[in-house]
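Enquirer: following is a predicted model, sequence given first.
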Amino acid sequence: MSAIKRKMVSQLLKTAPGESVLAKGWVRTKRGNKSVIFIALNDGSTINNIQIVCDPNHFSEQLLKDITTGACIAVEGELVESVGKGQNVEIQASQITLYGKADPEQYPLQKKGHSMEFLREIAHLRPRTNTFGAVLRIRHAMAFAIHNYFNSNGFYYLHTPIITASDCEGAGEMFQVTTLDLNNIPKDEKGAVDFSQDFFGRQTSLTVSGQLEGELGAMALGRIYTFGPTFRAENSNTPRHLAEFWMVEPEVAFNDVYDNMDLAEDFIKYLVRYALENCMDDLRFLNDMFDKELITRLEGVVNTEFVRLAYTEGIKILEAADAKFEFPVSWGVDLQSEHERYLVEKHFRKPVIVTDYPKDIKAFYMKQNDDGKTVRGMDVLFPKIGEIIGGSERESSYEKLQQRIDELKMDPTNLWWYMDTRRFGTAPHSGFGLGFERLLLFVTGMSNIRDVIPFPRTPKSAEF
């Protein structure tokens, strides 16, 4: 190879013909005859391939035989105007280097359709498909946009712990962290596990949320956000649940629930708009292949005002609905996905923010309303997804928070530091959590959450 600097395929497709170029990537397809061979090359930088045109007389027969689907090659040649349909430029190859062969008898990603279930079994190779290349590029773009949004709006990125002794949600569905010998677990006088001999000297788990620590940050820095992995030991085998997933959690001092709703709507519209402006090639592919209404639905979110709906009013709408629900509706029940989607897709036909939920179905930290029955929670509901954001104004009163902890019979010993923020300079504050993979389900149009994360972790599955 000469000293020509490699260009990515995404760059080459935008380059004017007439220069010598170097491309490297993986072969998607090869076709041709004795006179000419066409190779579709992709390096992951774009959904689109660049076509390599080879004169078989200029290359060894063995080399051309070894260039099969999945093989990795480097190609040097002249970038020329393409005479065929589907691309503006192509490379007339003068030199090819074979980096790695892919035995066509064994390489599982041959040129044919593959089911999503099959591709999950080969998650180490599925990023090479058009579908997962598109999904992972969009995933990157959304992560970048999240940081960009918050940085541009004066937020500070706070790294909250992954190992914790507190259960933010109070559901108890946490993965335990321990270095104790599971074949010889130490016990105390009462026969309970003696966690004093564990690494941290106490029982610890993987976090279900960075919110509680995020609140501490907001009480000093004003506005913070967390963005990292969270873990739920919830035995749910549904298309909407993962055991390991990523959460985005902003927390803002002096924001009430209305400010919180404004932030959530502005934030998610920014992300969808960013995808439309920066990921259109990938979105168009997913729109054409999986969900014909994807782009229309994304544009609809950006161009509409979200409905603000009190939970009590939502229940009335659902009770009067001419629809059969699997889960009965009455005041006091938590809304199921079918209820949320009815409100969004059938009744209002636009995103809905539901507020003022019954306190008995919400977390201990939510600020109580004056009616004594409801709290200042807010959930953003989206078409096809249901809840995509959940948040609230937080309870700033030490006495009310302590009373709620007592009512729920929670162990206060792990929350003394959290309660201190209500003792020392308490302030109104609000925040929410956005499930990153739920966002990606909406933006990509994929139907299963296992297909928007590189290596899904679900019950009985921790491959790769």
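Expert: Yep, that arrived.
Enquirer: who's in contact with G431?
Expert: 211, 214-215, 218, 249-252, 255, 260, 391-392, 394 (C-beta atoms under 8 Å, 6 or more residues apart in numbering). Placement of C-beta: from N, CA and C, glycine included.
Enquirer: what's opposite the closest residue to it other than its chain neighbours in the beta bridge?
Expert: Residue nearest to G431 in three dimensions, not counting chain neighbours: E251, with 3.6 Å by C-beta to C-beta, 6 or more residues apart in numbering. Using DSSP bridges, the bridge partners assigned to E251 are I224, G431.
Enquirer: count the residues that sit near E251.
Expert: By other C-beta atoms under 10 Å, the residues close to E251 number 31.
Enquirer: next up, the contacts around it.
Expert: With C-beta under 8 Å, 6+ apart, E251 has these contacts: 211, 214-215, 217-218, 223-226, 429-431.
Enquirer: of all the residues you listed, which comes closest to V352?
Expert: S430 (18.7 Å; C-beta to C-beta).
Enquirer: the stretch 51-200 of the chain: helices as residue ranges?
Expert: 61-66, 116-121, 130-152 (DSSP state H, counting those that start in this stretch).
Enquirer: just name the most buried of the ones you listed.
Expert: Stretch with highest mean neighbour count among these: helix 130-152 (a mean of 18; mean count of other C-beta atoms under 10 Å).
Enquirer: which one in the protein is furthest away from the centre?
Expert: N57 (48.5 Å; C-alpha atoms, centre = their mean).
Enquirer: all strands for the stretch 51-200 of the chain, in order.
Expert: 72-81, 89-100, 156-157, 163-164, 176-177 (DSSP state E, counting those that start in this stretch).
Enquirer: what comes up buried for the second one?
Expert: Spelled out, it's strand 89-100. Buried residues in strand 89-100, counted by 16 or more other C-beta atoms under 10 Å: 89-91, 93, 96.
Enquirer: run through the stretch 151-300 of the chain and note the low-pLDDT ranges.
Expert: 169-172 (pLDDT under 70).
Enquirer: looking at the strands of the stretch 51-200 of the chain, which is nearest to A323?
Expert: Going by C-beta to C-beta, the one of the strands of the stretch 51-200 of the chain nearest A323 is strand 163-164, 40.9 Å.
Enquirer: partner strands of that closest one, with direction?
Expert: Strand pairing (DSSP bridges) places strand 163-164 next to strand 204-206 (antiparallel).
Enquirer: the partner strand: how far from the chain's middle?
Expert: Computed by C-alpha atoms, centre = their mean, to the nearest Å, the chain-centroid distance of strand 204-206 equals 22 Å.
Enquirer: ok, now stretch 45-65?
Expert: Offset of stretch 45-65 from its chain centre (C-alpha atoms, centre = their mean): 36 Å.
Enquirer: going forward can the numbers begin at 465, since that is how I track them
Expert: Sure, I'll start numbering at 465, so the last one becomes stretch 509-529.
Enquirer: sorry, back to before: quick one: the strands of the stretch 515-664 of the chain as CSV, columns for distance to H803 too.
Expert: Below are the strands of the stretch 515-664 of the chain laid out as CSV (distance: least, C-beta to C-beta, whole Å):
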stretch, distance to H803
strand 536-545, 50
strand 553-564, 51
strand 620-621, 35
strand 627-628, 32
strand 640-641, 34
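Enquirer: can you say which of these is nearest to N833?
Expert: strand 627-628 (29.3 Å).
Enquirer: contacts for that closest one?
Expert: 641, 664, 668-671, 677.
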